[in-house]
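Novice: Need coordinates for the below:
(chains A, B, C, D, E and F)
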Number of protein chains: 6
Amino acid sequence: MVNQKYLEKAEVLIEALPYIQRFNRKIVVVKYGGSAMLDEELKANVIKDVVLLKLVGFKPIIVHGGGKEISKWVGKVGMEAKFINGLRVTDAQTMEIAEMVLAKVNKELVTHVESLGVQAVGISGKDGGLLKCKKKYSGGEDIGFVGDITSVNPKILYDLLEKDFLPIVFPIGFDDNYDSYNINADDAACAIAEAVHAEKLAFLSDIEGVYKDKDDSSSLISELHIQEARKLIEDGFVGGGMIPKLNNCIEAIEHGVNRVHILDGRIPHSLLLEIFTNKGIGTAILREDGEKYYHEHE
Amino acid sequence: MVNQKYLEKAEVLIEALPYIQRFNRKIVVVKYGGSAMLDEELKANVIKDVVLLKLVGFKPIIVHGGGKEISKWVGKVGMEAKFINGLRVTDAQTMEIAEMVLAKVNKELVTHVESLGVQAVGISGKDGGLLKCKKKYSGGEDIGFVGDITSVNPKILYDLLEKDFLPIVFPIGFDDNYDSYNINADDAACAIAEAVHAEKLAFLSDIEGVYKDKDDSSSLISELHIQEARKLIEDGFVGGGMIPKLNNCIEAIEHGVNRVHILDGRIPHSLLLEIFTNKGIGTAILREDGEKYYHEHE
Amino acid sequence: MVNQKYLEKAEVLIEALPYIQRFNRKIVVVKYGGSAMLDEELKANVIKDVVLLKLVGFKPIIVHGGGKEISKWVGKVGMEAKFINGLRVTDAQTMEIAEMVLAKVNKELVTHVESLGVQAVGISGKDGGLLKCKKKYSGGEDIGFVGDITSVNPKILYDLLEKDFLPIVFPIGFDDNYDSYNINADDAACAIAEAVHAEKLAFLSDIEGVYKDKDDSSSLISELHIQEARKLIEDGFVGGGMIPKLNNCIEAIEHGVNRVHILDGRIPHSLLLEIFTNKGIGTAILREDGEKYYHEHE
Amino acid sequence: MVNQKYLEKAEVLIEALPYIQRFNRKIVVVKYGGSAMLDEELKANVIKDVVLLKLVGFKPIIVHGGGKEISKWVGKVGMEAKFINGLRVTDAQTMEIAEMVLAKVNKELVTHVESLGVQAVGISGKDGGLLKCKKKYSGGEDIGFVGDITSVNPKILYDLLEKDFLPIVFPIGFDDNYDSYNINADDAACAIAEAVHAEKLAFLSDIEGVYKDKDDSSSLISELHIQEARKLIEDGFVGGGMIPKLNNCIEAIEHGVNRVHILDGRIPHSLLLEIFTNKGIGTAILREDGEKYYHEHE
Amino acid sequence: MVNQKYLEKAEVLIEALPYIQRFNRKIVVVKYGGSAMLDEELKANVIKDVVLLKLVGFKPIIVHGGGKEISKWVGKVGMEAKFINGLRVTDAQTMEIAEMVLAKVNKELVTHVESLGVQAVGISGKDGGLLKCKKKYSGGEDIGFVGDITSVNPKILYDLLEKDFLPIVFPIGFDDNYDSYNINADDAACAIAEAVHAEKLAFLSDIEGVYKDKDDSSSLISELHIQEARKLIEDGFVGGGMIPKLNNCIEAIEHGVNRVHILDGRIPHSLLLEIFTNKGIGTAILREDGEKYYHEHE
Amino acid sequence: MVNQKYLEKAEVLIEALPYIQRFNRKIVVVKYGGSAMLDEELKANVIKDVVLLKLVGFKPIIVHGGGKEISKWVGKVGMEAKFINGLRVTDAQTMEIAEMVLAKVNKELVTHVESLGVQAVGISGKDGGLLKCKKKYSGGEDIGFVGDITSVNPKILYDLLEKDFLPIVFPIGFDDNYDSYNINADDAACAIAEAVHAEKLAFLSDIEGVYKDKDDSSSLISELHIQEARKLIEDGFVGGGMIPKLNNCIEAIEHGVNRVHILDGRIPHSLLLEIFTNKGIGTAILREDGEKYYHEHE
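Specialist: Okay, the predicted model is just below:
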């Protein structure tokens, strides 16, 4: 006889059916960062989750940063990392190091995905002219080669998806003078999701999600229409670091992304659980008329 | 916190990864019959299993019979079902009823698949000239419109697969005079699997699999190379009804099918379990050089 | 010397030139029913006509019913056919029989077309989700599984035409609960012609066409603009059974079909004659601005 | 009632069915010359015949000459046409005139075909490098720019057929020095038919066909295997002008053309009758194993 | 060591880079006429120029006339060329000669291009129904078969370009009665450039360009916006023969051609120089908002 | 008047015609290294040369190293570069630095190409599984993560070329355990050229070419058949560093590359000159039966 354990396995697979159908051939952009990039086991889980999405017919794109690793290498060459208003002061040499380190992280991810039998291609925002940008000032101050995205040319992404590759992107771009700029990975993920009309944009980071009250960790919100999100910011219920992230989410929705998720990357398989179960993990931001469908947080 | 139950779900999905990869875009022919067609719950399970295969990138084709239902309708019109050597004696009117009943069963399956959001097309062996046949004699005796397949034209199947439909086939064909013939569904599944170079052919029926000793139900064999299968028959260890089925398996392997499975359709999700776990369900017949990879039966 | 007979043959072929050109790669929906389905010789003629259309570059689709055959089989299983306002009262078992019988008729037509060397595929309105419907009430009364078409998904038809098959459709569909419904074949032909933007829709049935005066069989009308057709109905010149058929014609024209024909299926090759000669057979319904081009009835 | 005349028309169309099927999408090369080019009515018939072939799914290619018209224009400019062994002595100016006249004839044919609603493109053997040639000597004597074909590049023909044009070719080519040469139209038709693997090559000219005895006009042969044709030449039964034509036929068959016809262009619609009826017009040359299927000449 | 000469060659190629980029896969229509057609060396240069454009990724189309050659052949057959208001009086026989001569010139160009290894196809305005026209009257007077273009069907050009041929067109078309007409080559080039949305239309003729003052040959204008061109005509600064040519240019720009050039065909490689250097040769006519970018004439 | 300078420019472009034709749509692999990578002006020239090749219809692929830059960064982090037999001893951290530095160099090249208006994508041997390798031992000694290529999967290169990108590759790959390895750039260029069946493989480095006598710098060889190359090595006329490079050339030819070039990267535009003139730059290695076509070195 087949024992109960196997039947339960079959049930789990069967339960995934409607979710697989809903996203079939849809583009899902995953912003990958935080602890889920540092902890080897969490990292392995995230990669497996994305590979699974690919294999069951989704079209995932990974966008990743690498802030901590950059700081480490800045240190290795005897320099000191400097930040103004949370933005890394990026002189020419820091810029070089940032690009090198992000490329190294990128190729690690490529290797990891390839080791699971899925073909990946790692690119920067320079390849195929993906991300054009201009200098970003921090409160009017020049902080070096930190860039704001001015346009996205998604051709290379569409081409790689068409040819069945999983694109992995790190956020370095160039401006009209072809100078290099370091771009915030959240911004890059958001701009890319908009440009490819992603069905879903998921931020994997070290926060649980959005709270109704920033001082009450039991007030996590499962689903949020953008008008509610805007109001939370206006009313001052959303804390500091959360504001740019939430604004990114709002902007992505406004530009045609269907659903944005803030996921806790510290929970194993949070991406998979969010997509394949009716268990809301973190906070989903919806269009003005988007249907809320999660059960209550348990 | 995400509770354990959800993590286990994620693990099950992740475990399916290598199986999804192995069969990506491969054709799997499922011969569907026996109890799994009569019991409503088993039926629902089989359809969900096949739909899942479709959605995760396989190319399943269902071939089905409907013997019991035919006998029921033969009775309804006041006739009596007659069999010689296990073959239905098929006069002109029985032939008509067989075709009507199989078509009805076929459209039920189509409806069932469509209700799960996957587009299905039900065809007979006449459509697109799929199955050409000739009269089959039973020990030299003419038993009417019972057919032996003489050739398969797989164009319609390739076209439907290319256009992303799930083909569901019932085994009625015509001969060179365009007379209709009823064909054994196992034979049809086997011939179709050969013609489309299926990666896998699975027989869902009411037997556990092949026994080392036909009289010892604890002697179920997990995996069998065709040379072993041939020997079992020669040595008389395989019982009556099993012989034609096993010969079909051997022939399919000989004509290029990679792996043939005899599955117990009475076990819920046996098809899914066979494909997505390392739990061997029933008996797999392998090529002479095929690798055995199942764990022991538990 | 080549005798006169052969020269006349050549002339007939040459005369067909402009008609072949006009319909090259255009879709023509043929509603096939009535005597032309029962008389073996008429049947053979119709099939040859449609096959010829296919071979000279048209894209014909056959939609057929099978009312008399259904009644016969309802009788065979000891039930009685019941009609209310001309609609068959269709309980669950009648529905099953209707589907079976129509499928049988369908496969006979498929076989007939295949025997002439053209590849045909027979489908119902369930296959590929072609015909969605809802329960139709007869004067407010529930008469069982009789359906009104709510939507048409022509994908399967376009796919089959692209792959060079001749599609043959029988009018059974399902509703939102995936229950089966019997649909009037005229309605199905009309809805399909609209959905595929057919150049022409031809009804082959047992009437000569539309009369100026329903009581005067010498008053057959060759061509009729829809505004004239609407007026004939309003003014009460059109008799009972004709009204729904004429309304179907009007609706088809309103939804983009270019020309609808009511043909007498009892005349051999009436379809071919209508298309390949300037001899109007039956009655053509034209768009408001359609050009009348037939000679007088002879 | 539909009168008898119309029914007979329908029957003629139906009789064409198997012929249309046999040649569907097959290439048919028609060598067009002789009286059928000079008589306006015969010309109109030939063009209609070829247009019909195009419309019912064949892929015809016309190859034409224009000998008489060339001589006329040679005269107009005050020169005299000169022939040695039936070959036109072609000095530089005669070559120019030949090309101009053939181009004029070509564009007349193009116009004629276009007027029937089919798109035609007229080319010479220079366009797309279709016909490469070298100087042909007549019994060792240099007779000017008369060419023997050395190679055929059928790309332009395949491209035009793919784009649904009817190609019309006149036989002027160039040699390795890009000098122009006049080529015998029969030779060109034969070489082109070989290069495109034509199903059929038809010579329309002013002869009835091949006679068993060249001196007995009642001895016309309907069908001839190439071995028989070779023997007729060896045994001296075939007259002078016939020998090169018959050799062309033999060579075409040897290079893969399925069936070659010598048709009497003076009989109206002889091309159509040959293809669409079982009436053999003229003489068919078959492969060694080709099946003879004509009825006796009537 | 590599000597200076070679380095300079490399520099010239490198300088061509931006021009190659600007026109990559763009259609360029070249009206070819005047001395550049009569002088063998100039002719060889023009053909090489066009072949180079083809090879580096442009899509050139040549449109040519042949007026002087026509007059020569009209003389050869003992007729006299007659002109009214600069238009050739074209009776039926002159029409025949014009078509023949243009075809001959056309095939010479085809041969020339083929000899450089690029595949060319020569067509008239009749082929593929490229140029439809109607009779043109000269001051109300019937001057025979002189045509005004009424419509252009560019299918044949797009098809030939797609298949990588270089199309070479001579301007003979037919009217609604399929009568032949001789068309002005400038008009044909203009209409074709409009129909295929050419990036550039270049007239190669025996004039230097447009002068500010028609009586001052030192007043050549390099670039001219269409509004300036219109004003020059209104103000009477443009001389007689120039007016129709300039109007053609204006019309082409108005119908979507990006840039029109009047080039002096007597300067070797003027086409190449115009396209590949910042040296303005002749006069460019620009859109109202087109950017002037030439250096001064040297 | 157009002055002489411009005419000479036109002549240079025209002279390039046959070379453009010969390589149209052919793949050319350029191994880029040495001084041409360090000197900014030489670098700009090389990039322009490759971009020109791309624009005139070639399909170039750049493979580059970055040895000196790696050593610089190894020093920056306080480590020391170590070499055994000319191979860099590559511990885990050196491997990391090598990958980072090569990625940085790669993105500089990508940016450079993009700035000239051509779309480039920079990849490593890991992306798309391009280069699989295994550990290379140096005289039996383990020198760390230095790899020998075991297989090439060119899919990503074909896909990028098809989508009109210029691929730029740096030679880092992984082995069966997905460990990273540094690969010699010459080896990588050679293996890639073989895998994509390149028409030409060009090594840009700091040597003039191959000498007949390694001690006589006036004995540079223009063209060399592989059998001659093999003999030079056997006979000891080729010096140390040259031997592996020459062996690479020989192997590439043996595996289907048509022509391999050793070019002096210190000569501006040596790549362009080699391809677009009959001036042999450096040494060409030809197939056994390859035709020598260079003029003598000047």
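
Novice: all contacts plus neighbour counts: C-alpha atoms, from now on.
Specialist: Noted.

Novice: Now chain A against chain C: closest residue?
Specialist: For chain A and chain C, the shortest gap (CA to the nearest CA) falls at A:Gln21, measuring 16.3 Å.

Novice: Surely that residue and B:Leu53 touch.
Specialist: No. With contact defined as CA atoms under 8 Å, A:Gln21 does not count as touching B:Leu53 (11.7 Å).

Novice: Compare the two and say which is more crowded by neighbours.
Specialist: For A:Gln21 versus B:Leu53, neighbours defined as other CA atoms under 10 Å in any protein chain shown are more numerous around B:Leu53 (23 against 19).

Novice: Got phi/psi on that one?
Specialist: Listed backbone geometry of B:Leu53 is phi -50, psi -50, with angles given as degrees, to the nearest 10.

Novice: Next: the one 4 residues further on.
Specialist: Note on B:Gly57: its backbone torsions stand at phi 110, psi 0 [degrees, to the nearest 10].

Novice: still on that earlier bit, now name the helix or strand holding the residue of chain A closest to chain C.
Specialist: Here A:Gln21, judged by DSSP states H and E, is contained in helix A:4-23.

Novice: near chain B, anything from that helix?
Specialist: Yes. Residues of helix A:4-23 contacting chain B under CA under 8 Å from any CA of the partner chain: A:6-7, A:9-10, A:12-14, A:17, A:20-21.

Novice: which one of those is nearest chain F?
Specialist: Using CA to the nearest CA, A:Ile20 is the member of these that lies nearest chain F, at 25.3 Å.

Novice: quick one: pLDDT of the closest one?
Specialist: Turning to A:Ile20, the model gives it a pLDDT of 87.

Novice: Also the one 10 residues further on?
Specialist: We note a pLDDT of 97 for A:Val30 in this prediction.

Novice: Those residues of chain A touching chain F, which are they?
Specialist: Proximity of chain A to chain F is assessed by CA under 8 Å from any CA, with A:76-78, A:96, A:99-101, A:103-104, A:107, A:110-112, A:114-115, A:119-123, A:126-129, A:159, A:163, A:165, A:174, A:178 identified as the residues in range.

Novice: now these: which count as buried?
Specialist: Buried subset of the residues of chain A next to chain F (neighbour count, 16 or more other CA atoms under 10 Å in any protein chain shown): A:96, A:99-101, A:103-104, A:107, A:110-112, A:114-115, A:119-123, A:126-129, A:159, A:165, A:174, A:178.

Novice: Would you verify that A:Phe203 is located in a strand?
Specialist: Yes. Counting by DSSP: H, G, I helix; E, B strand; the rest coil, A:Phe203 falls inside a strand.

Novice: Which positions in the helix or strand hosting A:Cys133 come out as buried?
Specialist: Element membership for A:Cys133, per DSSP H and E: strand A:131-138. By neighbour count on 16+ other CA under 10 Å, the buried set for strand A:131-138 is A:131-136.

Novice: now the host helix or strand of A:Met37, how far from the centre of its chain.
Specialist: Secondary structure from DSSP H and E places A:Met37 in helix A:35-38. For helix A:35-38, the separation from the chain centroid amounts to 13 Å (computed by CA atoms, centre = their mean, to the nearest Å).

Novice: Buried residues, it. List them.
Specialist: Buried residues in helix A:35-38, counted by 16+ other CA under 10 Å: A:35-37.

Novice: what's that helix packed up against?
Specialist: With contacts taken as 3 or more CA pairs under 8 Å, 6 or more residues apart in numbering or on different chains; DSSP states H and E, helix A:35-38 sits against helix A:40-55, strand A:200-205.

Novice: and of those, who's closest to A:Ile221?
Specialist: Taking CA to CA as the criterion, A:Ile221 comes closest to strand A:200-205 out of those, the separation being 15.5 Å.

Novice: got the angle for that closest one vs helix A:40-55?
Specialist: Following axes from the mean of the first three to the mean of the last three CA atoms, to 10 degrees, one obtains 170 degrees for the angle between strand A:200-205 and helix A:40-55.

Novice: For A:Asn45, give me its contacts.
Specialist: Remark: with contacts taken as CA atoms under 8 Å, 6 or more residues apart in numbering or on different chains, A:Asn45 is in contact with A:268-269.

Novice: Could you pull out the strands in the stretch 101-250 of chain A for me?
Specialist: With strands called from DSSP state E, counting those that start in this stretch, the stretch 101-250 of chain A shows them at A:120-124, A:131-138, A:141-152, A:166-170, A:172-174, A:180-183, A:200-205, A:223-225.

Novice: Could you pull up the residues touching the closest residue to A:Phe23 other than its chain neighbours?
Specialist: If the residues on either side of it in the chain are set aside, A:Phe23 comes closest to A:Phe58, at 6.0 Å by CA to CA, 6 or more residues apart in numbering or on different chains. In this structure, A:Phe58 makes contact with A:20, A:23-28, judged by CA under 8 Å, 6+ apart.

Novice: Who wins on neighbours among these?
Specialist: A:Val28 (26 neighbours).

Novice: hang on, the earlier thing: ok, the residue nearest to A:Phe23 to A:Val121 distance?
Specialist: A:Phe58 sits 16 Å away from A:Val121, taking CA to CA, to the nearest Å as the criterion.

Novice: Need the winner for burial among the strands of the stretch 101-250 of chain A.
Specialist: Ranked by average neighbour count under the criterion mean count of other CA atoms under 10 Å in any protein chain shown, these are headed by strand A:172-174 at a mean of 29.

Novice: Which residues does it contact?
Specialist: Among residues not part of strand A:172-174, those counted as contacts by CA under 8 Å, 6+ apart are A:99, A:124-126, A:129-134, A:147, A:180-183, F:111.

Novice: same question, stretch A:231-240
Specialist: Contacting residues not belonging to stretch A:231-240 are listed as A:210-214, A:243 [CA under 8 Å, 6+ apart].

Novice: how about a cut-off of 6 Å?
Specialist: Contacting residues not belonging to stretch A:231-240 are listed as A:213-214 [CA atoms under 6 Å, 6 or more residues apart in numbering or on different chains].

Novice: Please list all residues in contact with A:Glu194.
Specialist: By CA under 6 Å, 6+ apart, the residues touching A:Glu194 are A:252, A:255, A:257.

Novice: how many other residues sit next to the last one?
Specialist: It stands for A:Val257. Counted with other CA under 10 Å, the neighbours of A:Val257 add up to 26.

Novice: Mind pulling up the pLDDT for it?
Specialist: pLDDT, the model's per-residue confidence, is 94 for A:Val257.

Novice: Distance of it relative to A:Gly290?
Specialist: Counting by CA to CA, the gap from A:Val257 to A:Gly290 is 11 Å.

Novice: ok, now the second one?
Specialist: If you measure A:His255 against A:Gly290 using CA to CA, the figure is 14 Å.

Novice: hey, where'd the helices end up in the stretch 151-298 of chain A?
Specialist: Defined through DSSP state H, counting those that start in this stretch, the helices belonging to the stretch 151-298 of chain A, from first to last, are A:155-162, A:185-195, A:226-234, A:242-254, A:270-276.

Novice: Burial-wise, tell me which of the ones you listed comes out on top.
Specialist: Counting by mean count of other CA under 10 Å, the most buried of those turns out to be helix A:185-195, with a mean of 24.

Novice: Next, the angle from it to helix A:155-162.
Specialist: 70 degrees.

Novice: Helix, strand or coil: sort out the closest residue to A:Leu53 other than its chain neighbours for me.
Specialist: Nearest in space to A:Leu53, with sequence neighbours left out and distances taken as CA to CA, 6+ apart, is A:Pro60 at 6.8 Å. With three-state DSSP as the basis, the three-state label of A:Pro60 is strand.

Novice: Smallest distance to chain D belongs to which residue of chain A?
Specialist: Taking CA to the nearest CA, chain A has A:Glu162 as its residue nearest chain D, at 27.3 Å.
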